[in-house]
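In: Coordinates only, no sequence provided:
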Ligand SMILES: O=C(O)CCCC[C@@H]1SC[C@@H]2NC(=O)N[C@@H]21
């Protein structure tokens with residue numbers, strides 16, 4: 001495995017959550033650090049949901065120093081989802097079964113194969129680090145009944161494609177892809193990331209529903225704007241949504 005220069009790596013057999021481990025390692029964190037675990041006993045997903053982590057799946061968090069304002073740093077969820085897409089294409093040799101779902105899920109044949117959880121950490125007043133947690137269903141997916149009623153069907157790379165990948169090998173592909181995408185983001189900003197993300201986006205031009213805690217908005221998925229917001233065309237006009245769960 002060729003590991004990207006400047007990125008540290010911690011490998012753990014078992015941990016509660018690589019997100020919790022990232023928070024514990026914050027005091028001694030210097031540059032970007034990947035934290036990989038073979039097993040997680042208390043993995044968490046977006047919006048406080050539990051995340052199933054059977055053995056053979058990838059669980060990792062990238063702890064990144066964060067120099068920009070939170071809104072810009074958060075665009076790394078698009079950087080990370082593109083890196084995941086690159087890694088999937090690299091290990092399978094196929095691009096067409098994969099797509100990206102706003103804000104940062106990766107789909108395989110329309111099912112969810114990977115999720116990303118972004119958290120800010122540290123600092124007094126302003127956060128000093130970003131923790132990018134990545135879970136990939138390589139070997140097994142949770143049962144459909146284990147996810148929310150309208151959520152996408154979970155799927156896993158091995159059972160769906162016949163491509164069996166060891167989590168450590170996948171991490172190598174992901175870390176290399178992330179380093180390339182991060183370098184592009186640092187040099188050129190969000191524009192090329194946005195263009196590449198939109199080229200792989202699921203359901204552009206189709207009706208989707210965005211659910212925030214209290215309300216739902218249904219509209220045609222037009223684009224993702226230069227701030228990373230989801231843009232829906234609705235009977236009331238165009239609506240830009242910063243954070244929501246999307247249902248197809
Ligand atoms: O809800 C989602 O789609 C995001 C899932 C993120 C899961 C990963 S697994 C590695 C890291 N550790 C955690 O506890 N969660 C993230």
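Out: Now that the structure is in, tell me what you want to look at. These numbers come from a predicted model, not from an experiment.

In: For residue 137, give me its contacts.
Out: Residue 137 sits next to 57, 112-114, 154-157 when contact means CB atoms under 8 Å, 6 or more residues apart in numbering. Using the backbone N, CA and C atoms, a C-beta is placed for each residue, glycine as well.

In: Just among these, which is most surrounded?
Out: In terms of neighbour count, residue 114 stands highest of the contacts of residue 137 at 29 neighbours, by other CB atoms under 10 Å.

In: Please tell me how far it sits from residue 234.
Out: Per CB to CB, to the nearest Å, residue 114 is found 29 Å from residue 234.

In: Please apply the same query to residue 192.
Out: Residue 192 is 29 Å from residue 234, where distance means CB to CB.

In: before we move on, what about residue 124?
Out: Note on residue 124: its distance to residue 234, by CB to CB, is 41 Å.

In: Which one of those two is surrounded by more residues?
Out: Shown here are residue 124 and residue 234; by other CB under 10 Å, residue 234 has more neighbours (13 against 6).

In: Give me the phi and psi for the residue most central in space within the chain.
Out: In the chain, the residue lying closest to the centroid (CA atoms, centre = their mean) is residue 116, at 2.8 Å. Dihedral angles of residue 116 (phi, psi; degrees, to the nearest 10) stand at phi -130, psi 140.

In: ok, residue 82 touching residue 181?
Out: Yes: under the criterion of CB atoms under 8 Å, residue 82 makes contact with residue 181 at 5.2 Å.

In: which stretch of helix or strand covers the closest residue to the ligand within the chain?
Out: Nearest residue of the chain to the ligand, counting by CB to the nearest ligand atom: residue 115, 2.1 Å away. Residue 115 belongs to strand 111-121 when assigned by DSSP states H and E.

In: what touches both of residue 82 and residue 181?
Out: Counting by CB under 8 Å, 6+ apart, the shared contacts of residue 82 and residue 181 are residue 193.

In: Those two: which is more packed in?
Out: Comparing residue 82 with residue 181 by other CB under 10 Å, the one with more neighbours is residue 82, at 26 against 23.

In: does the more buried one sit in a helix, a strand or a coil?
Out: The local conformation at residue 82, judged by DSSP: H, G, I helix; E, B strand; the rest coil, is helix.

In: average pLDDT for stretch 112-132?
Out: Averaging pLDDT along stretch 112-132 gives 91.

In: Alright, that wraps it up for me.
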